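Colleague: Just to be clear, the model below is a prediction. Sequence and coordinates:
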Amino acid sequence: MAAILGEQKSQTDNASVNIRAVKPQDIEPCGRTAYAAHSAVAAAHNIPCEHPSVEFSIGLIGNKVKDPNAIGFVAEHAGRVLGSIFLNTFPLAPVAAIGPLTVDPAAEGGAAGQRLMQAALDEAKVRGFERVRLVQSPSHLRSLALYAKLGFDVREPLVLISGKPAPEKIEGCIVRAATTVDAPTCDALCTAVHGFARSAELAAAMAQHTAAVVERGGRITGYSTGLGFRGYAVGETTDDLKALIGNAPAIMGPGFFAPVRNGELLRWLLARGFRVSWPATLMTKGPYQDPAGGFLPSIAF
C-alpha cells in the first residue's frame, strides 16, 4: 500500500534529503523501515498490522527490487535510509500504481515522503503514464492530504475483508477455472468495466492456477485473478462477484478489498461471517472511468 507511514515532523528540509534508485543492498534497511512504519500506524489506530513480521517486510521489498516491472527509489539523509517507494507498471496496461511507500517513523527527514512521491510521479511521466493509482493506507490522514496536494482524487472507499469463504451457489452462475482461451473475453470484460484490460496480471494468475471465471447463460460474465490482497475481480453484476467469492478455495493473504459503496455486496459478505478488518481508499491521478459493473480491487489498484 501507499502511505507516508509513521513519518514524523522534523527540521530536515527538501535539499538535505537525497533521492536515488533503489539497490539490492537497500532491501534489508528498507524492509526494516517498512515494518517499523506499518507497526507504528497499526498500533496508533488499533488495527491489524499489514506486515505481520520484519521478515515479511524484507521479503516484500526484496520481491519489489527484483521485479522488472517495479521501479524503486530510496530517500536517505546523512547516509541513513529514511524510506522507499515503488512505481509498479503492468505490461500492456495504461496504468501505473504506487506502492509500497514507507518512511521511517523515527526519521528526521520530514521531506522524505513528498520527495519519494514526486520521484515516482516524475518516473511515471517519463514512461508515458497519465493514469497513476494507489490504495491509501488506513487511518493515515497525512498521507491522504499529501496525495490530494499532488493531484490524486479519492475514487472509492474500501474495506479489507477477512474470513473464510464458504461454498455457496448463486442461482444461474457457474464458476470454473480460467484458461488461456478465456483471456480475450476476460480482457474485453475488464475493458468494459474499467476502460482498460489487465492482461499481464490475468496471464500470471492463469499460470499460477488461481484465476476463475463465472458464466451465466453460457457466456463469461465475470472473472477473478484470485481472492486476496493481490488479486482483483470484475463482473457485470454483483451476483458475479458473489459467485466468485462463494466458490473461491481460500483467501490468499490477510484478506481482499471490497468497495464500501457496493452495499449489496458488503451486506452479503457480513451476513456470511466475513469481517471488516480495516479501511483504505482507492485514489487516482489522471483519466479515470467510473466502474461500469462490479469489481474488487487489488492492493495495487
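Modeller: Okay, I see it. Keep in mind that this is a model prediction, so the values were computed, not measured.

Colleague: residue boundaries of the strands in the stretch 1-150 of the chain?
Modeller: Taking DSSP state E, counting those that start in this stretch, the strands of the stretch 1-150 of the chain run over residues 2-5, 18-21, 70-77, 80-89, 95-98, 101-103, 131-136.

Colleague: other SSEs contacting the last one?
Modeller: Contacting strand 131-136 under the criterion 3 or more C-beta pairs under 8 Å, 6 or more residues apart in numbering; DSSP states H and E are the following elements: strand 2-5, strand 95-98, helix 112-126, helix 141-149, strand 275-285. No exception for glycine: its C-beta is placed from N, CA and C like everyone else's.

Colleague: residues of stretch 122-133 that come out buried?
Modeller: Within stretch 122-133, the residues that count as buried by 16 or more other C-beta atoms under 10 Å are E123, A124, F129, R131, V132, R133.

Colleague: Can you tell me, leaving aside adjacent residues, what's nearest to the fifth one?
Modeller: In this case it means V132. Nearest residue to V132, sequence neighbours excluded (C-beta to C-beta, 6 or more residues apart in numbering): K285, at 4.5 Å.

Colleague: Go ahead and confirm the one you found touches D153.
Modeller: Yes - at 7.3 Å, K285 and D153 qualify as touching, with contact defined as C-beta atoms under 8 Å.

Colleague: Tell me which of those two has more neighbours.
Modeller: K285 (20 against 12; other C-beta atoms under 10 Å).

Colleague: sorry, back to before: for the residue nearest to V132, give me its contacts.
Modeller: L121, R131, V132, R133, L150, G151, F152, D153 (C-beta atoms under 8 Å, 6 or more residues apart in numbering).

Colleague: Any stretches of the stretch 101-250 of the chain with poor pLDDT?
Modeller: 107-110, 138-139 (pLDDT under 70).

Colleague: rerun at 90
Modeller: 102-111, 137-146, 164-167, 229 (pLDDT under 90).

Colleague: In three-state terms, label R230 for me.
Modeller: coil (DSSP: H, G, I helix; E, B strand; the rest coil).

Colleague: got the contact list for it?
Modeller: Residues near R230 by C-beta under 8 Å, 6+ apart: M252, G253, S298, I299, A300.

Colleague: For these, which entry has the maximal number of neighbours?
Modeller: Greatest neighbour count in the contacts of R230, by other C-beta under 10 Å, goes to I299: 23 neighbours.

Colleague: Surely that residue is within a strand?
Modeller: No - I299 sits outside any strand when classified using three-state DSSP, being coil.

Colleague: Disregarding residues adjacent in the polypeptide, which is nearest to it?
Modeller: F229 (4.9 Å).

Colleague: I figured that neighbour hits G255, correct?
Modeller: Yes - applying C-beta under 8 Å, one finds F229 in contact with G255, separated by 6.8 Å.

Colleague: ok, these two, which is more surrounded?
Modeller: Of the pair F229 and G255, G255 is the one with more neighbours under other C-beta under 10 Å, namely 21 against 18.

Colleague: Do me a favour and get the backbone dihedrals for the more buried one.
Modeller: The phi/psi pair for G255 (degrees, to the nearest 10) reads phi 160, psi -170.

Colleague: How much space separates it from L60?
Modeller: Counting by C-beta to C-beta, to the nearest Å, the gap from G255 to L60 is 16 Å.

Colleague: domain parsing for this protein?
Modeller: 2-151, 161-279+287-296 (automatic domain parsing).

Colleague: thinking again about what came up before, so which of the helices and strands packed on strand 131-136 is the most packed in?
Modeller: Comparing the helices and strands packed on strand 131-136 by mean neighbour count (mean count of other C-beta atoms under 10 Å), strand 2-5 ranks first with a mean of 29.

Colleague: Run through the strands of the stretch 201-301 of the chain in chain order.
Modeller: Using DSSP E, counting those that start in this stretch, strands in the stretch 201-301 of the chain cover 212-216, 219-224, 233-235, 256-259, 275-285, 294-296.

Colleague: how about the first one: buried residues?
Modeller: Buried residues in strand 212-216, counting neighbours by 16+ other C-beta under 10 Å, are found at A212, V213, V214, E215, R216.

Colleague: Now do that strand and strand 219-224, the angle between them.
Modeller: 150 degrees (axes from the mean of the first three to the mean of the last three C-alpha atoms, to 10 degrees).

Colleague: Which elements pack onto strand 212-216?
Modeller: On a contact count with 3+ C-beta pairs under 8 Å, 6+ apart, strand 212-216 meets strand 174-177, strand 219-224, helix 238-246.

Colleague: Distance from the chain centre to it, please.
Modeller: Distance of strand 212-216 from its chain centroid, counting by C-alpha atoms, centre = their mean, to the nearest Å, is 24 Å.

Colleague: ok, now the last one?
Modeller: In terms of C-alpha atoms, centre = their mean, the centre of strand 294-296 is found 14 Å from the chain centre.
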